[in-house]
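1. this one's structure only:
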Ligand code: AMP
């Protein structure tokens, strides 16, 4: 059962109304299902918009931010709980430990770095938590095409590619993620089986 979800997303926001609507829908879905939001703790960009939406609807928000980013990403003052870490590595570890799954919204390098790190941890069987990309307005279409190229070139196994949910509708994404049942051992076993 998913009680908390970590959302990786941009420290920038492009103002796209379709993205804003998707963020609102995701926030409402989280609050309705009593799922706590775990995120990077900033008040800027998609991060800030998402945190504000969850709070507006009465949800719980935990931010995890390193001290040195408190000014740069303008640590959110109104969230339920703020965890201050001493560095980026500790931030990512705490975010992962606090969460039952991971959702990726549009973002830049930071978002992709966080996404692929937690995805490689799943691939290696270090955790068995679901990972979903909320692919709003096709923002991540090219990334999924690149993954297909990686499969074609045999640098990525199809069943490892299939570990990621790719979905445009927040409610459907959370439903799919809730049914994800791989244990770390199963993931590891599946991976070895194909070699
Ligand atoms: P971006 O997607 O580049 O806008 O960044 C989104 C979030 O990812 C911001 O909170 C960044 O501080 C964070 N971030 C960027 N690089 C890293 C990293 N190497 N480890 C952890 N978080 C990062």
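-> The structure has been received and is ready for your questions. As the structure is a computational prediction, the values presented were derived from the model and not from experiment. Numbering: from 1, shown residues only.
2. nearest spatial neighbour of the residue of the chain found nearest the ligand, skipping sequence neighbours?
-> Residue nearest to the ligand within the chain: residue 110 (2.3 Å; Cβ to the nearest ligand atom). Where C-beta positions appear, they are placed from N, C-alpha and C, glycine not excepted. Leaving aside its sequence neighbours, residue 110 sits nearest to residue 11 (Cβ to Cβ, 6 or more residues apart in numbering; 6.5 Å).
3. neighbours around that neighbour, how many?
-> Residues near residue 11, counting by other Cβ atoms under 10 Å, number 19.
4. would it count as being in a strand?
-> No. Using DSSP: H, G, I helix; E, B strand; the rest coil, the assignment for residue 11 is coil, not a strand.
5. where along the protein do the strands fall?
-> Assigned by DSSP state E, the strands in the chain fall at 4-8, 36-39, 61-66, 81-85, 102-104, 131-134, 164-167.
6. distance of residue 106 from residue 43?
-> Between residue 106 and residue 43 the distance is 18 Å, computed by Cβ to Cβ, to the nearest Å.
7. Of those two, give the one with the bigger neighbour count.
-> Just comparing residue 106 and residue 43: by other Cβ under 10 Å the higher neighbour count belongs to residue 106, 23 against 17.
8. Just confirm the more buried one contacts residue 19, I think it does.
-> Yes. Look at residue 106 against residue 19 with Cβ atoms under 8 Å: they come within range, at 6.2 Å.
9. Looking at the residue nearest the centre of the chain now. What's its pLDDT?
-> The residue lying closest to the centre of the chain (Cα atoms, centre = their mean) is residue 103, at 2.7 Å. At residue 103, the model reports a pLDDT of 98.
10. Tell me the bridge partners for it.
-> Applying DSSP bridges to residue 103 gives these bridge partners: residue 7, residue 132.
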